[in-house]
Structure formats: C-alpha cells, structure tokens
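Colleague: Below is the structure, and that's it, no one-letter string:
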C-alpha cells in the first residue's frame, strides 16, 4: 500500500515556541492531505484539509493563525503549531489521498503520527 | 455521513475469532462501510470496506446485514498484535471534491486480545 511518512515522530518544545510537522507521501502524489488531532483516550478529530497550491480549509473551532498549513508540493504538507502552549500537547496525524485515482476503497493513507509535548 | 455505534470495549482470547459489531441504522444506499484500526500511538490502518456484499481479505472479513443497518468485522484468529481501537466508518465512496478521503472517526471499540 501507499506510504505516508510523518516527521518528527516525537517532539518536545517549550511554551511559546513554534513546531513544524511534516507529512510526506513517499510513493504517490497527493493533491489533498488531511490533518487530525487526537487527545489521550479520545478519537481522531479532523483539523484541516490541506490542498496543494491553495489555502487550507479549517474545521470549525480550529484557529488557522495558530495551526499554519502549507502544501507546497504534491508530496509534502506541513503543519506548524505557532506559539505552542501545553494545551496543544496532542497526537497529530496526517493522511493523504492519491491524485487521479478512482475509487480504491482505501482512499486515505495515514502517517504514523507525531506526539507533541509542550512544556 | 451516517453515524455509527460501536461497543466501547471487547475482549478476545488469542487464537479465537474476534467479532466486532457496528450499528449504522441511518446508512444511505450509496454509503460504504469502512473499518480502520489504530494500534496504540500509531496512525490508523485500513482494514476492509464493503457496500452490501460480504467481503474478505487477508486481514479480516466483513459481514453486512441484508438491510445494511449493521455489520460485523471478523478477525478469524486474533493475535496479541490485534489489540487496538477499531473504528467503523460509514461514508460515501469516491465523493469527489475535498471530501474524498476525509474520514469522520467515532469512539471506536477497544479490542483487547489476551493470552
């Protein structure tokens, strides 16, 4: 199956700093990537949809100025958590869909996630 | 997308079949049933999907009732590595536009496989 790689897998940062998380599709091109957030013992919540070459679409309640998304190429989307605070500590997961494919059933390929801890 | 209901947790003995139920009584005719699982601290993994026929692959079987209001994911010989949260998701396939590939996760079922 298609591979989506996230980097870093874990990051600890100080409160007030910014952290960038990368999501790469390794063996396919993705016009659209999705960013999810998961707090402990909770389900995944979609934060935003990242579209190559255009602005991201954010879900209701997600601050676009705090969670900056850049999708500059067909294989890379980045999520930057700006001015991070302890409440931003979470598990961030990206997924990607392959360009130009019809219905494959799998649709979404997920990265391994990034554990962010803000201290 | 239709809402799904799953039991919060289930146990299964290693080597036995694990049968995970999912209710989706409001499913529409063009909505598929998808199953994903998430092993602790990893991203979700696709398992199987189906529309109305039963499906089987190397990981699992999916049994969908005739009225399509419920389904069961079957792991035929559960192993300790199958311990995970299993998500049943109902959505329109190949929806097109920006919703294609977007998944709405419920709380899922925590499956614990014990020796």
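Modeller: Sure, I can see it. Bear in mind that the values here come from a model prediction, so they are computed numbers and not experimental data.
Colleague: where does residue 46 land on pLDDT?
Modeller: Since no chain was named, I'll use chain A. Here the pLDDT value assigned to residue A:46 is 94.
Colleague: that's the wrong chain, I wanted chain B
Modeller: 89.
Colleague: number of nearby residues for it?
Modeller: Neighbours of residue B:46 under the rule other CB atoms under 10 Å in any protein chain shown: 20. C-beta here means a position set from N, CA and C on the backbone, and glycine is covered the same way.
Colleague: That one reaches residue B:38, doesn't it?
Modeller: No - assessed by CB atoms under 8 Å, residue B:46 is found out of contact with residue B:38, at 11.0 Å.
Colleague: residue ranges with poor pLDDT in chain B?
Modeller: For chain B, applying pLDDT under 70 flags the ranges B:1-2, B:93-101.
Colleague: Chain A against chain B: which residues are in contact?
Modeller: Taking CB under 8 Å from any CB of the partner chain, the part of chain A that reaches chain B is made up of A:1, A:4, A:6, A:32, A:34, A:36, A:43-46, A:49, A:51, A:57, A:91, A:93, A:95-97, A:102-103, A:105-113, A:115.
Colleague: Over to the most centrally placed residue in chain B. Which of the three states is it?
Modeller: By CA atoms, centre = their mean, the mean C-alpha position of chain B lies nearest to residue B:35, the distance being 2.8 Å. Secondary structure assignment for residue B:35 (DSSP: H, G, I helix; E, B strand; the rest coil): strand.
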